[in-house]
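In: no FASTA, just this:
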């Protein structure tokens, strides 16, 4: 008897859940139908007006054809004059459109100039523009907005209820606001700014990992290599397994990792720990492993470095800096983010300063870093 009651209770509970799911699907279906009907109703009047207008135009044309049947055209010269007048009007319209385009271009240039407090051109930029060389990376009026939820949900059930009742609310977070700059072949460009200014977001947009809300980035994404630490690590897996997992995410083949596995372990100084789970590693050990995997391959034509130099202790930091310098001075075009002003000044030919998503300054490393430090004085 007790078993039968338990089975009955389970069946009733399952039935209640099934009915709830059906009700949710029914409500969502009715809502979708209402929305589609509303759209159709909005479109109907315009369609009818177009049909009626076409019919009236056809009727007028037919009437004019009936009235003008058998009548020979005598005013050929007058028609020629009218055609010439129409051509003159078209030329005037084209001139007006050209003036609008030139005004828009001037407004865009003014917007670019007024985007930050000060925009400077480095000597290398001026030389390359005079030679007519095209930039390798062109960031033009890039804006990035994220939707951030302002309503709290305790689970899937609460989320579904709030969604049906249309109680979910969000706010816009402006990560980047109309940022523009150019990077030419062989340049080493540093991006500086306080935490939360959108530096890493900008690197992800340039590398193709994110699509901007507005604006555009012109770059050959096949030539880009993004080096960032800790992407794709699973703490429940061993260090050996994470080497293959993280390498696959970066884009290495299994054959490449097999060939360079011993080099990765030796450079990270983790021999004897590769069979341990990553969750038992210190943050320094994880950073060293991530840096070793990220820099195992040959440098790409365009190298993007996201805070890869703040790794491990002082001795490993020197070793990692030497590795990065080899990659930088191997002929690659480099775009890097770092909070170390010494690293920026000693390696970068140009610096981009972004503060709270807005472009503040672009120019020579000494001038931009000096202006950046003055805000803390």
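Out: Received it, and whenever you're ready, just let me know what you need. Computed from a predicted structure; not experimentally measured.

In: low-scoring stretches of the stretch 51-200 of the chain, by residue?
Out: 51-132 (pLDDT under 70).

In: could you pull out the helices for the stretch 101-250 of the chain?
Out: Under the criterion DSSP state H, counting those that start in this stretch, helices of the stretch 101-250 of the chain are mapped to 123-130, 156-164, 199-207, 239-250.

In: tell me the most buried of those helices?
Out: helix 199-207 (a mean of 22; mean count of other Cβ atoms under 10 Å). Any C-beta I mention is one placed from the backbone N, CA and C, and that applies to glycine too.

In: wait, which of the helices of the stretch 101-250 of the chain is closest to residue 337?
Out: Set against residue 337 and scored by Cβ to Cβ, the helices of the stretch 101-250 of the chain come closest in helix 199-207, at 4.6 Å.

In: other SSEs contacting the closest one?
Out: strand 137-149, strand 170-183, strand 188-192, strand 224-228, strand 302-306, strand 333-337 (3 or more Cβ pairs under 8 Å, 6 or more residues apart in numbering; DSSP states H and E).

In: Please repeat the previous calculation with a cut-off of 7 Å.
Out: Here helix 199-207 touches strand 137-149, strand 170-183, strand 224-228, strand 302-306, strand 333-337, going by 3 or more Cβ pairs under 7 Å, 6 or more residues apart in numbering; DSSP states H and E.

In: quick one: contacts of that helix?
Out: 137, 139, 142, 144, 175-176, 179, 191, 193, 210, 212, 217, 219, 224, 226, 304, 306, 335, 337, 354 (Cβ atoms under 7 Å, 6 or more residues apart in numbering).

In: for stretch 10-28, same thing?
Out: 160, 164.

In: quick one on the thing from earlier: got the helices of the stretch 101-250 of the chain as TSV, with distance to residue 183 columns?
Out: Formatted as TSV, these follow (distance: least, Cβ to Cβ, whole Å):
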stretch	distance to residue 183
helix 123-130	9
helix 156-164	42
helix 199-207	9
helix 239-250	22
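
In: quick revisit: filter the contacts of helix 199-207 to the buried ones?
Out: Among the contacts of helix 199-207, the ones that count as buried by 16 or more other Cβ atoms under 10 Å are 137, 139, 142, 144, 175-176, 179, 191, 193, 212, 217, 219, 224, 226, 304, 306, 335, 337, 354.

In: which residues touch the residue lying closest to residue 341 once chain neighbours are set aside?
Out: Leaving aside its chain neighbours, residue 341 sits nearest to residue 369 (5.5 Å; criterion: Cβ to Cβ, 6 or more residues apart in numbering). Going by Cβ under 7 Å, 6+ apart, residue 369 touches 341, 344, 345, 351.

In: Make a PyMOL selection of the buried ones in those.
Out: Command for PyMOL that selects the buried part of the contacts of residue 369, burial taken from 16+ other Cβ under 10 Å:
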select buried, resi 341+344+351
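
In: Might you specify the subset of the contacts of residue 369 located within strands?
Out: Cross-referencing the contacts of residue 369 against strands under DSSP state E gives residue 351.

In: Check the contacts of residue 369 against residue 249 and report the nearest one.
Out: Among these, and counting by Cβ to Cβ, the member closest to residue 249 is residue 344, at 27.6 Å.

In: Need the pLDDT of the closest one.
Out: pLDDT recorded at residue 344 is 89.

In: Quick check: next helix or strand after the strand or helix carrying residue 259?
Out: Assigning secondary structure by DSSP states H and E places residue 259 in helix 254-268. The helix or strand immediately downstream of helix 254-268 is helix 283-294, counting by DSSP H and E.

In: List the contacts of the nearest residue to residue 233 once chain neighbours are set aside.
Out: Residue nearest to residue 233 in three dimensions, not counting chain neighbours: residue 242, with 5.4 Å by Cβ to Cβ, 6+ apart. Residue 242 sits next to 233, 234, 278 when contact means Cβ under 7 Å, 6+ apart.

In: Excluding chain neighbours, what is closest to the last one?
Out: If the residues on either side of it in the chain are set aside, residue 278 comes closest to residue 235, at 4.9 Å by Cβ to Cβ, 6+ apart.

In: and the one you found, how many residues sit next to it?
Out: 11 (other Cβ atoms under 10 Å).

In: Test my guess that it contacts residue 276.
Out: No - between residue 235 and residue 276 there is no contact under Cβ atoms under 7 Å: 11.1 Å.
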